[in-house]
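In: Just to be clear, the model below is a prediction. Sequence and coordinates:
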Amino acid sequence: MNPMIHFRTRNVVMKYLEIFFTKVIIALKENKEYKANLWNALITNVVSFLVILLFFSALSPLLGEILGWSFRDYILYISMLLLLGKVHMVFTLKFLQRVLLNGDFNTILLKPVNSFFYFSTQFKGVVLVTFSIFLLINLFLIFFYYNFSFIFLFYFLFSIIYVPLFFSFFISTAFFMKENSMFVNIPRQLNNRIKEFTPRSFENYSFEFLLYILPSGASAFILIEILRGNFIYLNIILKVVFPSFLLIVLGIYVMWKIGLKKYEACG
């Protein structure tokens, strides 16, 4: 049988899993060729982790009174933020605007797989390594110092899906804007600022609910609260986070459906 025909007729789930893990293997092999990039990323992430940790340690007396968190909670919060940041880097669409304009998107459309899936998994081995490190840090802290729950597991997996889709929604506007950099940077900058303050810091403000739409900080904050046995934020998840997630998924689907029809091959 022709290999291409065999590929197209295979089980859809197995086909996409095979593509994904093949990309993982290829990405990890890049680390052997570009060792300097790997070490630079490791050092940069360690420094970033320590800087944020020092920031929280300086404010821990004040924040401890507001949140009731221990310093160990802060450590997990920071590592969770960095982990979700790596998820964003692994799965989020990258340079969509550029490939649409220079014609590189043409080659993606020729692939016998969903173009959104193929384009959203263009990651590098350095990102996978740093993601794995922060994942291990989180797992160590969670299983040795906290009471694990299936509610936590569900929301953790949900957050891993929500984070990249959140940014993909804004990046997908490239189908309709020749220059959407500002539109993409606004949610990215807002989300980055959440790394410096937890949503609890703004609980007396009318715009507090908007913070829970921004995935990294809000997700990490809610996950820590769940691990501490505080489930009061489940109401916010149901009323704010889940509806936002559904709207984002719908928006991505519509933009790609219409965008692919409007796209004119070039290059």
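Out: Happy to help now that I have it.

In: the longest helix in the protein is where?
Out: helix 35-67 (DSSP state H).

In: what helices or strands is that one leaning on?
Out: helix 71-91, helix 125-145 (3 or more C-beta pairs under 8 Å, 6 or more residues apart in numbering; DSSP states H and E). To be clear about C-beta, it is placed using only N, CA and C from the backbone, and glycine gets the same treatment.

In: Double-check residue 222 against residue 233; I have them as touching.
Out: Yes: using C-beta atoms under 8 Å, residue 222 makes contact with residue 233 at a distance of 4.8 Å.

In: Looking at these two, which one has more neighbours?
Out: residue 222 (24 against 20; other C-beta atoms under 10 Å).

In: which ones are touching the more buried one?
Out: Contacts for residue 222 (C-beta atoms under 8 Å, 6 or more residues apart in numbering) come out as 155, 212, 233, 236, 237.

In: Helix 71-91 and the helix or strand harbouring it, what's the angle between them?
Out: Assessed by DSSP states H and E, residue 222 sits inside helix 215-227. For helix 215-227 against helix 71-91, the angle by axes from the mean of the first three to the mean of the last three C-alpha atoms, to 10 degrees is 140 degrees.

In: Let's test this: mean pLDDT of helix 215-227, rounded?
Out: For helix 215-227, mean pLDDT is 81.

In: cool, and stretch 108-123?
Out: Rounded mean pLDDT across stretch 108-123 is 85.

In: ok, and what's touching it?
Out: 4, 7-8, 15-16, 19-20, 23, 27, 89-94, 96, 99, 105, 164, 168, 252, 256, 260, 263, 265.

In: Could you list the buried residues of it?
Out: 113, 115, 116, 118, 119, 120, 121, 122, 123 (16 or more other C-beta atoms under 10 Å).

In: Over to stretch 34-43?
Out: 38, 41.

In: Next: stretch 44-57.
Out: Quick answer for stretch 44-57 (16+ other C-beta under 10 Å): 45, 49, 52, 56.

In: Where does pLDDT dip in the stretch 1-150 of the chain?
Out: 1-10, 59-67 (pLDDT under 70).
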